[in-house]
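Undergrad: predicted structure and sequence below. I'll ask about it afterward.
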Amino acid sequence: MKSRPGAADRSAEFVALYQNLSRAVWAVAYARTLDAELAADVAQEAFLRLWREWESGQQIDNPRRWLLRVGRNLAEDDAKSAFRRNGTCEPQVLTGFESRESIPLERVLARERREQVRQILAELAEADREILTLRYALEYETDVIADLLGINPAAVLMRLSRARQRLAQRLKEKGVTEL
Amino acid sequence: MNIPPKQTADGLEQVDHLLREFFRSEMPNPWPGCPIPKSKDSPNIKKSKGFRRSYLGLAACCAFVALGLGVAWNLLRFDPPGVSETGVLPSAAKPVPKGSLFRNPPATLPQPGGLKDPGMPPQSTDRPEISEEAPPMPVSGPRRF
């Protein structure tokens, strides 16, 4: 029988888990919401829920898998509730309000490119976005991604390659060639 | 099934570069710190005070209920000053011996003609005769509501 760890041990384990896994939880949430701040909130909430589970005496055998699942579920729940709130329309944003200071052309172009990439990513499948986020946002190696997603490395490479090709195709269709 | 056309190595490198640039701008910077929740196991003085306070409150409630029951029991053991539930006037009621409450047969209720005290002398019947005919009531029209 496993003895219940003390408060100090548990806090240390919690901090270590956060340092190791918070980015991965963020990535899986980001792949579903395409909102960096919301994904960060989701990651924090997932970790707080883990702590509450520990406090209530629940035994979680695989905290990593548990955290990733909770992160995915929270992000999906938020996406559903956002859909209920906003319907198929984007939430209202303040467009047309610009600073009086002139923005350098480089920055304007970079921002436009990012928005185009975001739109194209939104059109991709969720699995594609997830693997691209883990690879390009977190710079994870193939075996780490395979471990996180619970698939074998060959499948990771295959998925990654297809996702990149689909993305490249969409970029070409939209005319996003200039980097 | 649509199979995307093969991209050249340069094209895919461009995609890699674009994605790296995109995600770099998206990542929170600085990364949010670890949310450190308070442990229940940690010693907490407030908690122990609250714990003691709840026990004191419970003891006070029990004492209050016991006191209330005692007062109610003492009140029930004595006659109320007014008319009792059996309809006996205090003057007609016999003194109740202690401990025999509710065992006495109820005294007679007052008759419709009033109380007749056997100790009082008989009242004289010389009363002026009252005509049995009631005085005529004033005739009024139909009632209007």
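TA: Received, thanks. Residues are numbered from 1 along each chain as shown, chains lettered A, B, ... in the order given.

Undergrad: any idea how far A:Asn111 is from A:Ala39?
TA: I think there's a mix-up here, since residue A:111 is Arg and not Asn. As defined by CB to CB, to the nearest Å, A:Arg111 lies at a distance of 20 Å from A:Ala39. In this view, the C-beta of every residue, glycine as well, is placed from N, C-alpha and C.

Undergrad: go ahead and confirm A:Ala27 touches A:Ala137.
TA: Yes - under the contact definition of CB atoms under 8 Å, A:Ala27 touches A:Ala137, with a separation of 5.8 Å.

Undergrad: quick one, which of the two is more surrounded?
TA: Between A:Ala27 and A:Ala137, A:Ala27 has the larger neighbour count (other CB atoms under 10 Å in any protein chain shown), namely 28 against 22.

Undergrad: show me which helix runs longest in chain A.
TA: What stands out as the longest helix in chain A, according to DSSP state H, is helix A:7-33.

Undergrad: what comes up buried for the next helix or strand after that one?
TA: Taking DSSP states H and E as the definition, the helix or strand that follows helix A:7-33 towards the C-terminus is helix A:36-55. Residues A:36, A:38-47, A:50-51, A:54 are the ones in helix A:36-55 that count as buried (16 or more other CB atoms under 10 Å in any protein chain shown).

Undergrad: and these near chain B, which?
TA: Contacts with chain B within the buried residues of helix A:36-55, counted by CB under 8 Å from any CB of the partner chain: A:36, A:40, A:43-44, A:47, A:51.

Undergrad: farthest-separated two in those?
TA: The distance between the two most remote of these (CB to CB) is 23.3 Å, for A:Ala36 and A:Trp51.

Undergrad: low-confidence stretches in the chain?
TA: Here I'm looking at chain A. Scanning chain A with the threshold set as pLDDT under 70 gives A:1-6, A:82-103, A:177-179.

Undergrad: sorry, I should have been clearer: chain B.
TA: Along chain B, segments meeting pLDDT under 70 span B:1-10, B:37-52, B:78-145.

Undergrad: determine the longest helix present in it.
TA: If you go by DSSP H, chain B has its longest helix at helix B:45-76.

Undergrad: so that one, near chain A or not?
TA: No - when contact is scored as CB under 8 Å from any CB, no part of helix B:45-76 falls within range of chain A; the minimum is 13.6 Å.

Undergrad: could you do stretch B:11-26 as well?
TA: Yes - under the criterion of CB under 8 Å from any CB, stretch B:11-26 makes contact with chain A via B:11-12, B:14-26.

Undergrad: once you drop chain neighbours, what's closest to residue 26?
TA: Picking chain A for this. Nearest residue to A:Trp26 in three dimensions, chain neighbours excluded: A:Ala43, at 4.5 Å (CB to CB, 6 or more residues apart in numbering or on different chains).

Undergrad: you answered for a different chain; I wanted chain B.
TA: Excluding the flanking residues, the one nearest B:Glu26 by CB to CB, 6+ apart is A:Ala36, at 4.7 Å.

Undergrad: that neighbour reaches B:Met27, doesn't it?
TA: Yes - the pair A:Ala36 and B:Met27 qualifies as a contact (CB under 8 Å) at a distance of 6.9 Å.

Undergrad: just the buried members of the residues of stretch B:11-26 next to chain A?
TA: Among these, those that count as buried by neighbour count (16+ other CB under 10 Å) are B:11-12, B:14-15, B:18-19, B:21-23, B:26.

Undergrad: let me have those in CSV, extended by secondary structure.
TA: Compiled in CSV, those are given as follows (DSSP: H, G, I helix; E, B strand; the rest coil):
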residue, secondary structure
B:Gly11, helix
B:Leu12, helix
B:Gln14, helix
B:Val15, helix
B:Leu18, helix
B:Leu19, helix
B:Glu21, helix
B:Phe22, helix
B:Phe23, helix
B:Glu26, helix
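
Undergrad: out of these, who's nearest B:Cys62?
TA: B:Glu26 (62.1 Å).

Undergrad: surely that closest one and A:Ala31 touch.
TA: No - B:Glu26 is beyond contact range of A:Ala31, at 11.3 Å (criterion: CB under 8 Å).

Undergrad: and the helices in chain A?
TA: Going by DSSP H, chain A shows helices at A:7-33, A:36-55, A:63-86, A:105-123, A:126-132, A:142-149, A:153-174.

Undergrad: and chain A, what are its domains?
TA: Residue ranges for the structural domains of chain A, counted by automatic domain parsing, are given in the record as A:1-85, A:104-179.
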